[in-house]
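Trainee: Have a look at this fold, sequence not included:
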């Protein structure tokens, strides 16, 4: 089976005629868009909008494969100069459409009879949601020349700082037991069965961050100050307000979710203390033991084992998803193993133009890696559900972005738990699920509070590494409470989390909590309704790109502004914690 993904369905190389021709056509289309947007006539607005969206579709169809090919190549080799240069060239080229985008946004905003035009043209009807959101967002759009300048300055600003963080964290090496290994590899050792390996890996990881903390610190400060400045310029409220608006999510939804999570955090602290007790010490769990395997899930799995496990557990749930997963393994959609120059973590890139996805993992054979594959292939299934949408209707917002992926985690873990009869096996599976759940509750909330604090600091000035570490420790204490040994925290977690380093995507943390709790609520419905739930689930996923978060939830009869919905989902996790505590006592 392949170890690396196959990118040839996109391009066989950047020197090929196909790649060069697509770059040339994209350049010509950008010029056409700019020429068209420079003289948008007041009369016959329906025809103008129709033509403008068709031009935008052409850009999207050309840009997606080019960007994905370059981005996927650089993600597995951050020193791939050809790919990095191509990404930079594409970013610069598309930044040249910023003035045109702003002109079109303003044009839509001033179109008083927009609903009438949407009703009269089926093509515009397919873009009804997009057009309505453009009209609503027009009030935060700046002058065309200012928008163009912001986009171009971002290339050497926020985007460049984000690239620096990715480069530093992917190329730095950790000094582990006399060897130099990639940061991603030393982080994977947190799942090792040997407690001394975990402790040594933690020490090596923390020491590793000290080598790059200054460069990453400048990246974080610069990005957050840029976002804060832009929010002020647009009179768009806070960076969080901007994120919620881009997420098509109401603040009341976020507030209800956070209220419920804060109420239930002590439940997860009990789990952490119980795990510490099972590992032989009292009080809070030590940081390096958070991912310590328990029970009989300490086996090492091969990629072939992972493939079979996913097929066995997802085929009874959704055969079309199982078929897609097998394609992912068989057709080389996945890049599995860590190596120097490869970015850490995991992600899935949906590529609608070829009706496939590409998944990056840093697989080392733990059960957690199987759960990660289920998570990322959930993204791929989500992509499959929306691939028939028109090209400008392919982007789902941050909160619902993690729904299908987290639902998959819930499916595979609950199915495995239901099947387990041996106490040690059940304990291992249950502990693995609670590991992940605790991450999307305690850790995600600590990240949310940390990012909030960094944005507040950005209003005043620069936060040096020591101050960032202090802010991170305070956020971790608030999120983990007495569940962790507060003398063994990891103050450098701001260095390695790429989610903080995007000038266009702030607060990419609460969507994980949203996805976990929303998925739990959906899974409860699935257990109640059985096969009758699947058509509803598929329709819900398809709607995520053309409806608000709240309207998507209504398709499953869920009111996201009601704190009781979130409490009901958290009760599911509370029951798992109580089950774990019983097994721990036994």
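Mentor: Received it, and whenever you're ready, just let me know what you need. This structure is a prediction, so every number in the text was calculated from the model and none was measured.
Trainee: Next, the buried residues of stretch 545-558.
Mentor: Neighbour counts over stretch 545-558 (16 or more other Cβ atoms under 10 Å) mark 545, 546, 547, 548, 549, 550, 552, 553, 555, 558 as buried. Just so you know, the C-beta spots here come from the backbone N, C-alpha and C atoms, and that holds for glycine as well.
Trainee: Return the member of those residues nearest to residue 402.
Mentor: residue 549 (11.6 Å; Cβ to Cβ).
Trainee: Who are the contact partners of the closest residue to that closest one other than its chain neighbours?
Mentor: Counting by Cβ to Cβ, 6 or more residues apart in numbering, residue 249 is the residue found nearest to residue 549 once chain neighbours are left out, at 4.2 Å. Residue 249 makes contacts with 397, 399, 548, 549, 550, as judged by Cβ atoms under 8 Å, 6 or more residues apart in numbering.
Trainee: could you point out where the stretch 151-300 of the chain is predicted with low confidence?
Mentor: By pLDDT under 70, the weakly predicted segments of the stretch 151-300 of the chain are 297-298.
Trainee: Show me where it has its helices.
Mentor: Taking DSSP state H, counting those that start in this stretch, the helices of the stretch 151-300 of the chain run over residues 158-171, 183-188, 195-234, 239-247, 251-278.
Trainee: I'd like those helices as TSV, with distance to residue 63 and mean neighbour count appended.
Mentor: Below are these laid out as TSV (distance: least, Cβ to Cβ, whole Å; neighbours: other Cβ atoms under 10 Å):
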stretch	distance to residue 63	mean neighbour count
helix 158-171	15	20
helix 183-188	29	23
helix 195-234	23	19
helix 239-247	19	19
helix 251-278	31	19
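Trainee: Just the element for the nearest residue to residue 382 once chain neighbours are set aside, please.
Mentor: Using Cβ to Cβ, 6+ apart and skipping residues adjacent in sequence, the residue nearest residue 382 is residue 404, 3.8 Å away. Secondary structure assigned from DSSP states H and E places residue 404 in helix 403-419.
Trainee: tally of neighbours for the closest residue to residue 133 other than its chain neighbours?
Mentor: Closest residue to residue 133 apart from its sequence neighbours, by Cβ to Cβ, 6+ apart: residue 248 at 7.0 Å. Number of residues near residue 248 (other Cβ atoms under 10 Å) recorded here: 22.
Trainee: wait, what's in contact with residue 248?
Mentor: Residue 248 touches 133, 397, 547, 548, 549, counting by Cβ under 8 Å, 6+ apart.
Trainee: among these, which are in helices?
Mentor: 133, 549 (DSSP state H).
Trainee: Export the contacts of residue 248 as CSV, with columns for pLDDT.
Mentor: Below are those laid out as CSV (pLDDT from 0 to 100):
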residue, pLDDT
133, 94
397, 85
547, 94
548, 94
549, 94
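Trainee: between the contacts of residue 248, which is nearest residue 152?
Mentor: residue 133 (24.5 Å).
Trainee: Count the residues that sit near that closest one.
Mentor: Quick note: residue 133 (other Cβ under 10 Å) scores 16 neighbours.
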